[in-house]
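The following block contains a protein sequence and its predicted model.
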Amino acid sequence: MGNQIRDGKGGGYLAEVDSKNRLRIYAVVEDKATWINRVEEEMYSGIFESTGIQAATGGNWVVYLKNTSAKFLVIVKLKHRCTGASGSLSYWLSPTGTPGGSLTTLTPSNRNAGSNRSASVEMYQSTNITGLSGGRRVGSLFGNDGEEFEFAQPCSGYILPPDATLGIKADNNTSTHFGGMSLYFRD
């Protein structure tokens, strides 16, 4: 006999093939976020709200996120909604500086209620975070006053290595921005 594939449990059984010589398998497929949440317990929601923004020319920094973990942080989904006026948020990788001003510390929530793990990040919100500059603009979401949330799912995610940062700017005058992000950690 030629090459043979045996079962992986050591039972001595040969693997089956169909009439087109394709290996017969049984596999359960789930999206990566579900698997990470269920198995690794490392899927988080970071929710923010900035009220009373009067964005300056060039925009105000309203959210700052720094990965303080030894793992990579991946942001896979962002959402945004405005009330009071239309407005936009822009997403920036690697802004530099030390966040200042009147900051509110945010703690991303683990999406697995049975997990005691917490996200290793520094996350702040404000109507105007001072001390930040630069970075690379990687995306934007626009919201009309009172309309439903707008979503962005960057195809590869925004990846933050250890000590990397993400900043969110409010680019238009508006009264309130609501938003959030889905994030997880990977080696």
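Good, I have the coordinates.

contacting residues for the nearest residue to Lys71 once chain neighbours are set aside?
Nearest residue to Lys71, sequence neighbours excluded (Cβ to Cβ, 6 or more residues apart in numbering): Phe185, at 4.2 Å. Where you see a C-beta, it was placed from the backbone N, CA and C, and this is true even at glycine. Contacts of Phe185 were listed using Cβ atoms under 8 Å, 6 or more residues apart in numbering, and they are 40, 42, 69, 71-74, 119-120.

Show me what the residue most central in space within the chain bridges to in the sheet.
In the chain, the C-alpha closest to the average C-alpha coordinate belongs to Ile75, at a distance of 2.2 Å (Cα atoms, centre = their mean). Listed beta-bridge partners, Ile75: Tyr158, Leu183 (assigned using DSSP bridges).

Quick check: pLDDT value at it.
Taken from the predicted model, the pLDDT recorded for Ile75 is 95.

Wait, a helix at Ala119?
No - the assignment for Ala119 (DSSP: H, G, I helix; E, B strand; the rest coil) gives coil, which keeps it out of a helix.

so how far is Arg6 from it?
Shown here: Ala119 relative to Arg6, a distance of 43 Å by Cβ to Cβ, to the nearest Å.

Those two: which is more packed in?
Counting neighbours by other Cβ atoms under 10 Å for Ala119 and for Arg6 shows that Ala119 has the greater number, 23 against 11.

The more buried one against Asn110, yeah?
Yes - in this structure, Ala119 sits in contact with Asn110. The criterion is Cβ atoms under 8 Å, and the distance is 7.3 Å.

which stretches of the protein form strands?
Using DSSP state E, the strands of the chain run over 43-51, 60-67, 72-83, 87-93, 96-100, 104-105, 109-110, 121-133, 136-143, 150-152, 158-160, 165-170, 176-186.

Which positions in the lowest-mean-pLDDT helix or strand in the chain come out as buried?
Every helix and strand in the chain was compared by mean pLDDT, DSSP states H and E; the lowest is strand 150-152, with a mean of 81. Applying a neighbour-count criterion of 16 or more other Cβ atoms under 10 Å, one finds 150, 152 buried in strand 150-152.

Show me what it is packed against.
Using 3 or more Cβ pairs under 8 Å, 6 or more residues apart in numbering; DSSP states H and E, the elements in contact with strand 150-152 are strand 72-83, strand 136-143.

contacting residues around the residue nearest to the centre of the chain?
By Cβ under 8 Å, 6+ apart, the residues touching Ile75 are 154, 157-160, 166, 181-183.

6 Å instead, please
Contact partners of Ile75, counting by Cβ atoms under 6 Å, 6 or more residues apart in numbering, are 157-158, 181, 183.

what's the overlap in contacts for Ala119 and Asn110?
In contact with both Ala119 and Asn110: Tyr44, using Cβ under 6 Å, 6+ apart.

low pLDDT regions in this protein?
1-2, 52-57, 148, 172-175 (pLDDT under 70).
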